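**Q** Predicted model and sequence follow; I will ask about them next.
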Amino acid sequence: MGEGGKAADSTDDARSFLTSGDAYDAFMGRYSRPLADAFADVAGVEAGQSVLDVGCGPGSLTGVLVDRLGAGSVSAIDPSPPFVAECASRHRGADVRLGSAEAIPFDDASFDSALAQLVLHFVTDPARAAAELRRVVRPSGIAAACVWDFAQGMEMLRHFWDAALTVDSDAPDEAQAMRFGRAGELVELLEAAGFHEVTETTLEVASTYGEFEELWSGFLAGIGPAGSFCVSLSDEQRSAVREELFRRIGAPTGRFTLAATARCAHGRTPR
């Protein structure tokens, strides 16, 4: 994220994930963990398969895959060294490597399935990433991807950006900047890469907060575009965003729940 809240380039986005696994879990992991179960179901993950988690972060989806398949059948990659170390520590026995979606560090046809959860909207070259998914999946195997529906379906981020736009009309709203959160976009990407029988669905999850500060502290960790924008603001602007966000979610005095919708597509490699 650039100075003054200008839109981030891919390098800035990557830097915003050079953080601890615990910080990520408090901000986004509380959504990505339940999402991982639903995502694995859609992708048809079951015992006996070998599966790659592309863009594993600290390991929300990796953990679900290990539970279902055993650590020896699970591999994972991420471009963030702290996340790779955290994922490997949490899921010992899984093959966790440093690597990007555009250059997956595994041989051709290595896996029955490759899953990319909350990743493709951050990659520099989505078409190359989709081609890499096809390359590492065996014939008749499955590749699947999901991203948040930023426009309406991810309440935490939608409320934040609406609050930010009230304070700064140039705030880089993820609904405008991020790719693949709209109907059909993931399908088009996978079909262009040569996948067959591509289908799309939506996945619904939610997270409950004990109080507003639990939500706000996540943005202060500087994770992702929203966190990067938040910490780039002046103290006065950040305070104004905080007050507007508090108002927009109903000025809660105790527990409250925010929902999130992810768009998901999966397809099969040619025989």
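**A** Received, thanks. Numbers count the residues shown, from 1 in each chain.
**Q** Assess the claim that residue 64 and residue 36 are in contact.
**A** Yes. With contacts defined as Cβ atoms under 8 Å, residue 64 counts as touching residue 36 at a distance of 4.3 Å. For the C-beta atoms, the positions are set from N, CA and C on the backbone; glycine is no exception.
**Q** Any regions of this structure where pLDDT drops low?
**A** Filtered on pLDDT under 70, the chain yields the residue ranges 1-21, 152, 177.
**Q** Which stretches in it count as strands?
**A** Assigned by DSSP state E, the chain shows strands spanning 51-54, 74-78, 95-98, 111-117, 137-148, 196-209, 256-268.
**Q** Next up, the contacts around the spatially most central residue of the chain.
**A** For the chain, residue 118 is the residue whose C-alpha lies nearest the centre (Cα atoms, centre = their mean; 2.2 Å). By Cβ atoms under 8 Å, 6 or more residues apart in numbering, the contact set of residue 118 is 28, 32, 35, 55, 57, 146-148, 262.
**Q** Turn those into TSV, including neighbour count and distance to residue 125.
**A** Conversion of the contacts of residue 118 to TSV gives the following (neighbours: other Cβ atoms under 10 Å; distance: Cβ to Cβ, whole Å):
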residue	neighbour count	distance to residue 125
28	27	23
32	25	23
35	25	24
55	25	14
57	26	20
146	31	19
147	24	16
148	27	20
262	25	22
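**Q** picking that back up, compare the strands of the chain and report which one is nearest to residue 170.
**A** strand 137-148 (22.1 Å; Cβ to Cβ).
**Q** now the angle from the closest one to strand 111-117?
**A** Put simply, strand 137-148 runs at 10 degrees to strand 111-117, going by axes from the mean of the first three to the mean of the last three Cα atoms, to 10 degrees.
**Q** what distance separates strand 137-148 from the centre of its chain?
**A** Taking Cα atoms, centre = their mean, to the nearest Å, one finds the center of strand 137-148 at 15 Å from the center of the full chain.
**Q** returning to that earlier point: put together JSON lines for the strands of the chain, with distance to residue 130 on each row.
**A** Putting the strands of the chain into JSON lines (distance: least, Cβ to Cβ, whole Å) gives the following:
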{"stretch": "strand 51-54", "distance to residue 130": "11"}
{"stretch": "strand 74-78", "distance to residue 130": "15"}
{"stretch": "strand 95-98", "distance to residue 130": "20"}
{"stretch": "strand 111-117", "distance to residue 130": "9"}
{"stretch": "strand 137-148", "distance to residue 130": "8"}
{"stretch": "strand 196-209", "distance to residue 130": "11"}
{"stretch": "strand 256-268", "distance to residue 130": "10"}
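**Q** closest one to residue 160 among those strands?
**A** Per Cβ to Cβ, nearest to residue 160 of the strands of the chain: strand 256-268, 10.3 Å.
**Q** From residue 211, how far out is residue 122?
**A** 30 Å (Cβ to Cβ, to the nearest Å).
**Q** Look at the two and report which has more neighbours.
**A** Between residue 122 and residue 211, residue 122 has the larger neighbour count (other Cβ atoms under 10 Å), namely 22 against 12.
**Q** gap between the more buried one and residue 192?
**A** Counting by Cβ to Cβ, the gap from residue 122 to residue 192 is 19 Å.
**Q** Check residue 127 too.
**A** 7 Å.
**Q** count of neighbours near the closest residue in space to residue 59 that isn't next to it in sequence?
**A** Leaving aside its sequence neighbours, residue 59 sits nearest to residue 87 (Cβ to Cβ, 6 or more residues apart in numbering; 3.7 Å). When neighbours are counted by other Cβ under 10 Å, residue 87 registers 26.
**Q** now do residue 134
**A** Residue 134 has 19 neighbours, counted by other Cβ under 10 Å.
**Q** surely it meets residue 196?
**A** No. Taking contacts as Cβ under 8 Å, residue 134 lies outside contact range of residue 196: 10.5 Å.
**Q** shared neighbours of these two, anything?
**A** With Cβ under 8 Å, 6+ apart, residue 134 and residue 196 have common neighbours residue 269.
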